[in-house]
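Undergrad: test case, fold it:
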Amino acid sequence: MPSLIYSLTSFYCILRRNVLREDASKLLLRNPSLAPSSRATLIEGAKCLAPPASKRPKRAAFTPDIISAIRTTLDLDRPLHAAVFACLTTSFFTIARTGEFTVTSLQNFRDNPQIHVRVDCMRQEEDRNGFKVTVFRLPRTKTSLDGEDVYWAAQSGPADPKAALLKHLTVNNPPSSAHLFSWCHPGGLRPLTRGEFLKCLQSAGERLGLEGLKGHGIRIGGTLEYLL
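TA: Numbers count the residues shown, from 1 in each chain. You can find the predicted model right below:
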């Protein structure tokens with residue numbers, strides 16, 4: 001039983017990351033050895049076996065409507081706001097972790113620029129249906145030292161990640177070797193830190209009367225957006 005729980009938990013993590021890829025979800029749905037009731041039992045069993053240190057308070061999930069509302073509190077002509085909103089929409093629609101598109105500190109990027117996403121880590125491709133997608137090569141992730149590709153397609157409405165990214169690149173104009181979400185600070189161009197990113201979102205949430213907006217809620221909301 002523990003090995004089955006571990007396998008299911010590992011698969012669930014992969015599925016969350018690859019929810020845009022249709023083949024990922026079919027792996028579980030077509031598995032003849034797992035009946036629906038068995039899957040539910042294994043999921044509940046995994047929750048029970050999880051150590052207390054791994055459990056966190058529930059995070060409020062971001063949605064396109066919340067992201068659109070946050071946009072109304074920002075001035076996208078301001079360098080920091082343009083970078084934050086672009087990072088938010090890209091993180092949401094790629095289902096990325098907060099730390100994968102931000103840096104822990106300015107020094108961390110100076111010391112290890114090769115492990116962070118840069119402007120030259122971005123490229124344009126077409127999916128198997130011929131739709132244009134923007135792909136980001138993450139040099140390193142929480143689960144892979146070799147990194148991985150994540151991507152999004154343009155969306156309709158104010159939460160469109162393509163429009164947000166283009167605005168950021170226009171306002172901040174970071175060079176190809178710079179961190180993707182670098183912004184023009186009075187002291188010079190600097191990468192977007194996780195602290196600055198979350199501080200800006202928290203401020204926007206308070207102005208909107210939204211409580212409990214945390215970084216992990218972006219990934220939760222992105223997952224739900226594609227699944228529901």
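Undergrad: and Leu201, how many neighbours?
TA: Other residues within reach of Leu201, judged by other C-beta atoms under 10 Å, total 26. Bear in mind the C-beta positions are built from the backbone N, C-alpha and C, glycine included.
Undergrad: nearest residue to it other than its sequence neighbours?
TA: Leaving aside its chain neighbours, Leu201 sits nearest to Leu213 (5.9 Å; criterion: C-beta to C-beta, 6 or more residues apart in numbering).
Undergrad: also Phe85?
TA: In space, Phe85 is closest to Ala164, 5.1 Å off (C-beta to C-beta, 6+ apart).
Undergrad: can you pull the pLDDT of that neighbour?
TA: Note on Ala164: pLDDT of 98.
Undergrad: that one: how many residues sit nearby?
TA: Other residues close to Ala164 by other C-beta under 10 Å number 25.
Undergrad: helix, strand or coil for the residue nearest to Leu201?
TA: Three-state assignment for Leu213 (DSSP: H, G, I helix; E, B strand; the rest coil): coil.
Undergrad: residue contacts, it?
TA: By C-beta atoms under 8 Å, 6 or more residues apart in numbering, the contact set of Leu213 is Ala60, Phe62, Ile66, Leu201, Gln202, Gly205.
Undergrad: quick one: it from Phe85, how far?
TA: For Leu213, the distance to Phe85 equals 14 Å [C-beta to C-beta, to the nearest Å].
Undergrad: cool, and Thr94?
TA: 15 Å.
Undergrad: go through this structure and flag its longest strand.
TA: In the chain, ranked by residue count with DSSP state E as the criterion, the top strand is strand 132-138.
Undergrad: residue ranges in the chain under the pLDDT threshold?
TA: Filtered on pLDDT under 70, the chain yields the residue ranges 1-40, 42-43, 46-47, 49-50, 52-59.
Undergrad: please repeat the previous calculation with a cut-off of 90.
TA: 1-61, 108-112, 127-131, 141-145, 210-216, 226-228 (pLDDT under 90).
Undergrad: how about the helices in it?
TA: Using DSSP state H, the helices of the chain run over residues 2-17, 22-29, 36-49, 64-73, 79-94, 106-111, 161-172, 194-208, 216-227.
Undergrad: in the fourth one, which residues are buried?
TA: By neighbour count on 16 or more other C-beta atoms under 10 Å, the buried set for helix 64-73 is Pro64, Ile66, Ile67, Ala69, Ile70, Arg71, Thr73.
Undergrad: report the contact partners of the third one.
TA: Going back to what we said before, that points to Ile67. Each residue near Ile67 by C-beta under 8 Å, 6+ apart is listed here: Leu88, Thr89, Phe92, Pro158, Ala159.
Undergrad: can you pick out the most distant pair from these?
TA: Phe92 and Pro158 (12.6 Å; C-beta to C-beta).
Undergrad: more neighbours: which of these two?
TA: Using other C-beta under 10 Å, the more surrounded residue of Phe92 and Pro158 is Phe92, with 26 against 17.
Undergrad: hang on, isn't the more buried one packed against Phe62?
TA: Yes: taking contacts as C-beta atoms under 8 Å, Phe92 lies within contact range of Phe62: 6.0 Å.
Undergrad: need the overlap of contacts for the two.
TA: Jointly contacting Phe92 and Phe62 under the rule C-beta under 8 Å, 6+ apart are Ile218, Gly221, Gly222.
Undergrad: nearest to Val135, of those?
TA: Looking across the shared contacts of Phe92 and Phe62 and measuring by C-beta to C-beta, the closest to Val135 is Gly222, at 16.1 Å.
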